[in-house]
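K.L.:
structure for the following, please:
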Amino acid sequence: MPYQENLLTKCPVKLPRINGITGKDIAETLLILTPQYSECAARHNQLVDEINQRKEIKQ
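P.N.:
You can find the predicted model right below:
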């Protein structure tokens with residue numbers, strides 16, 4: 001059985017750079033990264049769960 005297509009989507013490789021050395025610069029970058037991380041982590045975790053579930057079914 002094929003995997004769901006959305007689970008096979010790779011996470012972004014190019015991430016925003018921190019544009020300075022202040023806490024504000026870091027916070028601005030984190031505000032951009034947080035949604036990307038959450039989306040990628042959720043997708044990755046679901047894929048791992050799916051693979052593990054299929055392994056259990058095969059056994």
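
K.L.:
mind listing the helices for this structure?
P.N.:
23-58 (DSSP state H).

K.L.:
tell me the predicted confidence for the residue nearest the centre of it.
P.N.:
Most central in the chain under C-alpha atoms, centre = their mean is Cys40, positioned 1.5 Å from the mean C-alpha point. At Cys40, the model reports a pLDDT of 88.

K.L.:
show me what contacts it?
P.N.:
Residues in contact with Cys40 (C-beta atoms under 8 Å, 6 or more residues apart in numbering) are 11-12. All C-beta spots, glycine's among them, are computed from the backbone N, C-alpha and C.

K.L.:
Lys10 now?
P.N.:
Per C-beta under 8 Å, 6+ apart, neighbours of Lys10: none.

K.L.:
which pLDDT does the model give it?
P.N.:
The predicted local confidence for Lys10 is 82.
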